[in-house]
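# All I have is the shape, not the residue letters:
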């Protein structure tokens with residue numbers, strides 16, 4: 001079973017609501033994963049604009 005990804009913030013979700021942006025629009029069509037462990041120190045997180053640690057999809061359809 002594929003994981004659900006929030007369409008707005010691209011975070012992987014297990015429940016029925018995104019904890020980051022509080023939306024319920026999800027997709028199971030995604031490509032690539034990005035794990036942010038410490039958004040304060042991560043150069044990639046700063047460039048993309050992520051402020052919450054977690055696992056993100058790179059591309060969502």
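Nice, thanks for sending it over. Here the structure is a predicted model, which is why all the values come from computation and not from measurement. Numbers count the residues shown, from 1 in each chain.
# The residue nearest the centre of the chain pairs with what?
In the chain, the centroid-proximal residue (Cα atoms, centre = their mean) is residue 11; its distance is 1.6 Å. Applying DSSP bridges to residue 11 yields these beta-bridge partners: residue 56.
# ok, residue 58 to residue 28 distance?
According to Cβ to Cβ, to the nearest Å, residue 58 and residue 28 sit 15 Å apart. Every residue, glycine included, has its C-beta placed from N, CA and C.
# Then residue 38?
Going from residue 38 to residue 28 by Cβ to Cβ gives 28 Å.
# Ok, residue 48 next?
22 Å.
# which one of these two has more residues nearby?
Shown here are residue 48 and residue 28; by other Cβ atoms under 10 Å, residue 48 has more neighbours (15 against 11).
# Helices of this structure, start to end?
43-48 (DSSP state H).
# What are the boundaries of the strands in the chain?
Secondary structure of the chain (DSSP state E): strands at 4-6, 12-13, 26-27, 30-36, 54-60.
# Need the ones you listed in JSON lines (columns: mean pLDDT).
Below are those laid out as JSON lines (pLDDT from 0 to 100):
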{"stretch": "strand 4-6", "mean pLDDT": "95"}
{"stretch": "strand 12-13", "mean pLDDT": "94"}
{"stretch": "strand 26-27", "mean pLDDT": "95"}
{"stretch": "strand 30-36", "mean pLDDT": "94"}
{"stretch": "strand 54-60", "mean pLDDT": "94"}
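# Out of those, which one sits most buried?
strand 4-6 (a mean of 22; mean count of other Cβ atoms under 10 Å).
# Pairing partners for it, with directions?
With DSSP bridges as the test, strand 4-6 is paired with strand 12-13 (antiparallel), strand 26-27 (antiparallel).
# In contact with residue 25: list those residues for me.
6, 7, 8 (Cβ atoms under 8 Å, 6 or more residues apart in numbering).
# The first one is in contact with residue 23, isn't it?
Just to be clear, that refers to residue 6. Yes - Residue 6 is in contact with residue 23 according to Cβ atoms under 8 Å; the separation is 6.3 Å.
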